[in-house]
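Colleague: got a predicted structure plus its sequence, pasted below:
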Amino acid sequence: MPKPLIEARPGAIEIDPARTALIIIDMQRDFLEPGGFGETLGNDVGLLAAAIGPCGRVLEAARRAGLAVIHTREGHRPDLSDAPPAKIERGAPAMRIGDLGPMGRILVRGEPGHEIIPALAPAPGEPVVDKPGKGAFYQTDLELMLHNRGIEALLVCGVTTEVCVHTTVREANDRGFRCIVVGDACGSYFPEFHEAGLRMIAAQGGIFGWVTDAAAVVRALE
Ligand code: C5J
């Protein structure tokens with residue numbers, strides 16, 4: 001059977017489903033719903049909603065095709081011992097990491113705001129990687145999980161494009177993974193950063209990887 005070929009920029013890429021993982025970055029209530037971390041930083045969280053549908057379609061297609069699916073969440077221990085003071089103190093947010101908001105303590109593990117949104121809830125057996133930083137490789141066991149499964153390519157969705165998606169793609173690219181970012185399944189509070197972020201990935205012959213869209217992934221995995 002021929003391997004799925006995903007139409008992408010800067011060029012189409014063939015994947016081996018057995019060696020490809022879908023990584024969904026930080027589709028958490030804290031970033032997507034009012035009253036969470038994203039909103040405390042002054043952002044319009046409604047801007048991220050457009051990514052939910054495409055992300056769901058990629059997730060369904062990946063599950064049907066038997067790809068490994070891994071979810072990530074950004075957040076900290078309740079005692080904040082893994083939250084750098086520089087991160088907590090930065091800016092002038094309405095509430096800081098660890099403060100009590102309408103969805104529990106902001107960006108703290110175990111709180112309602114830390115949960116992945118119900119539309120993209122992890123299925124049994126799909127690992128959830130909790131990360132203290134922006135990149136999903138930093139201080140996590142993600143790399144070990146990927147190597148143990150023989151993964152060589154990553155389909156990447158999630159939020160936000162220029163922050164946690166980009167940081168993770170850069171980390172993955174340096175570790176030798178082929179990264180295919182699903183542009184419409186990513187979102188940003190800044191549409192111009194979203195566009196620029198995607199362009200940066202595919203520029204220079206794909207300096208960080210490939211950029212595609214949800215429809216192309218679904219077609220390739222059918
Ligand atoms: C941010 C993230 N934007 N998941 N986190 O702080 O992109």
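Modeller: Looks like it arrived, so ask away. Numbers count the residues shown, from 1 in each chain.
Colleague: please make it C-alpha for all contacts and neighbour counts, starting now.
Modeller: Fine.
Colleague: might you report the residue contacts of the residue nearest the centre of the chain?
Modeller: Among the residues of the chain, the one closest to the centroid is Ile25, at 1.7 Å (CA atoms, centre = their mean). Contacts for Ile25 (CA atoms under 8 Å, 6 or more residues apart in numbering) come out as 71-73, 136, 156-159, 164-165.
Colleague: and the furthest pair within these?
Modeller: Spanning the widest gap among those are Arg73 and Val156, at 13.8 Å by CA to CA.
Colleague: you'd agree Arg57 is up against Ala214?
Modeller: Yes. Counting by CA atoms under 8 Å, Arg57 does reach Ala214; the two are 6.8 Å apart.
Colleague: hmm, back to that, run through the bridge partners of the residue nearest to the centre of the chain.
Modeller: Under DSSP bridges, the beta-bridge partners of Ile25 are Thr72, Gly158.
Colleague: what's the distance between it and Arg219?
Modeller: Applying CA to CA, to the nearest Å, the value for Ile25 to Arg219 is 22 Å.
Colleague: go on, Ile23?
Modeller: As judged by CA to CA, Ile23 and Arg219 stand 18 Å apart.
Colleague: neighbour count: those two, which is higher?
Modeller: Between Ile23 and Arg219, counting by other CA atoms under 10 Å, Ile23 is the more crowded of the two (24 against 13).
Colleague: what's the pLDDT at the more buried one?
Modeller: Predicted confidence (pLDDT) for Ile23: 99.
Colleague: could you look up the SS state of it?
Modeller: Secondary structure assignment for Ile23 (DSSP: H, G, I helix; E, B strand; the rest coil): strand.
Colleague: close enough to count as contact, it and Leu67?
Modeller: No. Using CA under 8 Å, Ile23 is not in contact with Leu67; the gap is 10.2 Å.
Colleague: longest strand in this protein, please.
Modeller: Looking across the chain with DSSP state E, the single longest strand is strand 178-187.
Colleague: so which bits of that strand are buried?
Modeller: 178-187 (16 or more other CA atoms under 10 Å).
Colleague: does anything pack onto it? Which helices or strands?
Modeller: helix 52-65, strand 153-159, helix 166-174, helix 191-206, strand 210-212, helix 214-221 (3 or more CA pairs under 8 Å, 6 or more residues apart in numbering; DSSP states H and E).
Colleague: appreciated, that's everything.
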